[in-house]
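pasting the sequence and the predicted model now:
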Amino acid sequence: MNLDIPDSNAESMAGEVPRGGVDLLRRLTVPLGLFVALVVAVAWYVTWATSDIVMVLMAVPVEPARAVDLALFFVLMVTMMVAMMLPSALPMIVAFHGITRLEGGRPVKAADWPSTGAFVFPYFLVWGGFGVLALLGLMALGLIGPLTGTLGLLPAATLVAAGVYQLTRTKEVCLAHCRSPLAFVLGHWRPGRLGAFRMGLRHSLYCIGCCWMFMLVLFVAGSMSLFWMGAVSVAIFAEKVSPTTTTLASRAIGAVLFVFGALLAAMSVVGS
């Protein structure tokens with residue numbers, strides 16, 4: 001694909017593919033919006049229906065001979081990520097899909113659906129892999145299951161750490177890439193479907209950098225409950241798509257996490 005964009009066409013292209021997440025979501029057609037809503041609803045239903053299986057897989061030690069359990073956990077993690085992350089990833093996907101219509105900076109051809117699929121695929125693949133690695137790491141440290149003694153403070157510490165991470169430069173940089181779909185797509189453009197896969201992979205890494213502490217909150221503090229999944233999903237969507245500034249949304253979520261962590265720590269100390 002020729003993506004050379006003359007300066008004279010930059011303004012019109014920006015009109016075709018809006019910069020902000022909210023504007024991009026407004027460009028969804030009704031059939032596509034309904035399809036995405038259906039996919040997310042099915043993913044949430046499967047996540048709910050298999051929640052007991054996930055808890056069982058997390059409750060038992062993982063041995064080399066139980067690769068099937070790890071594979072099943074990976075599939076369930078991917079499904080859960082579709083439920084939680086697809087809404088917040090949609091502006092980036094829409095931006096990429098819109099760019100595939102351009103030739104010389106003008107929308108003169110049909111969008112490339114296979115390339116869009118190649119862009120989306122690694123995003124959920126990486127998140128599923130992250131979930132498996134997080135599970136293995138927490139199991140190796142003995143942090144899965146009932147936490148007693150000083151380890152009982154770990155959920156509170158995880159919430160506080162997640163709140164502090166919201167204020168870091170790493171979080172700010174990664175979130176900036178996620179909140180600027182058009183800038184990301186143009187800045188990291190690679191031609192062809194292999195290029196689309198590489199772009200999706202890079203996008204997924206920025207998303208990991210942005211949201212990995214949220215996922216640890218699910219594993220350690222939230223016990224993978226549907227309530228916590230929903231809360232984290234809303235928080236991720238709010239800071240990626242909200243029309244407010246990146247810093248304001250991120251810091252507000254960080255403050256909430258910090259306060260919840262402090263309250264949970266106080267309750268744990270009093271309870272002991």
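Yep, it's here. This one's a predicted model, so the numbers in the text were calculated from it and none came from an experiment.

center of this structure, which residue is that?
Residue closest to the mean C-alpha point of the chain, counted by CA atoms, centre = their mean, is M85 at 4.3 Å.

from I253, how far out is G209?
For G209, the distance to I253 (CB to CB, to the nearest Å) stands at 16 Å. Placement of C-beta: from N, CA and C, glycine included.

neighbour count winner among the two?
Counted by other CB atoms under 10 Å, G209 and I253 do not tie: I253 has more neighbours, with 20 against 16.

hang on, that one packs against V232?
No - between I253 and V232 there is no contact under CB atoms under 8 Å: 9.9 Å.

any low-confidence regions in the protein?
Along the chain, the model assigns pLDDT under 70 to residues 1-30, 59-65, 103-108, 145-146, 222-223, 243-246, 271-272.

just the helices in it please.
Applying DSSP state H to the chain gives helices spanning 7-16, 21-26, 30-49, 51-59, 67-99, 113-140, 154-165, 169-179, 181-187, 192-216, 226-241, 246-271.

nearest to L147, out of those?
helix 154-165 (5.5 Å; CB to CB).

helices or strands next to that closest one in the packing?
helix 192-216, helix 246-271 (3 or more CB pairs under 8 Å, 6 or more residues apart in numbering; DSSP states H and E).

gap between the residue nearest to the centre of the chain and V126?
Taking CB to CB, one finds M85 at 11 Å from V126.

I'd say A249 and V241 touch.
No - using CB under 8 Å, A249 makes no contact with V241, being 9.4 Å away.

report the contact partners of the residue nearest to the centre of the chain.
Contact analysis of M85 by CB atoms under 8 Å, 6 or more residues apart in numbering lists 123-124, 127, 207, 211, 233, 236.

quick check: the gap between it and M58.
On the measure of CB to CB, M85 and M58 end up 20 Å apart.
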